[in-house]
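In: Take a look and give me a structure for this.
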Amino acid sequence: KIWPYIDRLIDAHPDQRISFTYTAKIPDFYNSMFHVGILPRLANQPNLVQVLVQKTQVYMFASQEYIDRFGMPQTPTDLFNHRFLAYGDRENLVYLNGPLFDWHLYCPSGGEYTVEPYIKVNDAQDLTYLTQTGYGISLFPEHTGKMYNFVKILPDLKGPDYTMYFTYPEFFKNIPWVNT
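Out: As a prediction, this is how the structure comes out:
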């Protein structure tokens with residue numbers, strides 16, 4: 001949710017041109033067109049400045065269409081009888097590794113083993129579309145679930161924190177438009 005901050009940036013730097021590129025890969029801040037990014041915290045990156053932008057909770061969500069067709073799970077073990085959607089190609093989604101983006105696959109078993117996803121994708125828009133159209137249960141930050149009017153599955157069962165950072169190379173820290 002960067003858009004509420006754009007007016008302030010444009011007002012402070014009216015001659016600066018802005019380009020937004022969405023990628024699921026870690027941006028190469030040193031050898032590419034990327035100057036700043038908004039992404040999960042990158043470990044072992046001492047030359048990057050990472051400023052907390054947002055912290056929220058992750059939950060399981062489905063569309064009302066999915067709930068109408070397959071029913072609402074009442075307990076974690078009920079999830080064994082449901083369809084899960086998840087990210088698949090982890091090699092190309094480096095910062096998506098770890099419990100943040102596949103916690104729901106371990107949840108039904110209490111963390112002992114994973115549930116095989118019904119469909120795997122490597123793009124957030126695809127995951128959102130498949131969830132909207134009733135293909136299965138996905139994991140999203142709470143604000144995303146609300147934005148798409150998804151139904152929260154087992155709302156008392158909270159996933160990991162979803163924390164996003166405004167990230168840029170340390171050598172940009174004194175550039176005015178980066179600090180706006």
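
In: Next one, pLDDT for Gly159 please.
Out: Gly159 carries a pLDDT value of 83.

In: wait, it sits on Gln57?
Out: Yes - when contacts are counted by CB atoms under 8 Å, Gly159 is listed as touching Gln57 (6.8 Å). Every C-beta, even on glycine, is put in place using the N, C-alpha and C of the backbone.

In: Of the two, give the one with the bigger neighbour count.
Out: Gly159 (21 against 13; other CB atoms under 10 Å).

In: Would you agree the more buried one falls within a helix?
Out: No - read with DSSP: H, G, I helix; E, B strand; the rest coil, Gly159 is coil and lies in no helix.

In: which non-adjacent residue is nearest it?
Out: Nearest-residue entry for Gly159: Val58, 3.6 Å, with adjacent residues in sequence omitted and distances by CB to CB, 6 or more residues apart in numbering.

In: name the element that neighbour belongs to?
Out: strand 48-62 (DSSP states H and E).

In: Packing partners of that strand?
Out: Under the contact definition 3 or more CB pairs under 8 Å, 6 or more residues apart in numbering; DSSP states H and E, strand 48-62 sits against strand 138-141, helix 142-147, strand 151-153, strand 161-169.

In: ok, back up a step: tally up the residues packed near the residue nearest to Gly159, please.
Out: The burial count for Val58: 21, using other CB under 10 Å.

In: just checking, it touches Met164?
Out: No - the pair Val58 / Met164 is not scored as a contact, 11.9 Å apart, by CB under 8 Å.

In: quick one: low-confidence ranges for the protein?
Out: Within the chain, the stretches with pLDDT under 70 are 1-5, 21-25, 89-100, 108-113, 176-180.

In: Going along the chain, name the helices of it.
Out: Using DSSP state H, the helices assigned to the chain run over residues 3-12, 64-70, 103-106, 124-132, 142-147.

In: just so I know, which of these lies nearest Pro40?
Out: When the helices of the chain are compared by CB to CB, helix 124-132 sits nearest Pro40, at 12.5 Å.

In: rewinding a little: which among the helices of the chain is found nearest to Leu154?
Out: In terms of CB to CB, the element of the helices of the chain nearest to Leu154 is helix 103-106, at 9.8 Å.

In: Next, the buried residues of that closest one.
Out: For helix 103-106, the buried set under the neighbour-count rule, 16 or more other CB atoms under 10 Å, comprises Trp103, His104, Leu105.

In: Spatially nearest residue to the last one, not counting backbone neighbours?
Out: Closest residue to Leu105 apart from its sequence neighbours, by CB to CB, 6+ apart: Thr114 at 4.3 Å.

In: Just give the nearest non-adjacent residue to Cys107, would you?
Out: Nearest to Cys107 is Pro76, by CB to CB, 6+ apart, at 5.9 Å.

In: residue contacts, Lys158?
Out: Applying CB atoms under 8 Å, 6 or more residues apart in numbering, we find Lys158 in contact with Gln57, Val58, Tyr59.
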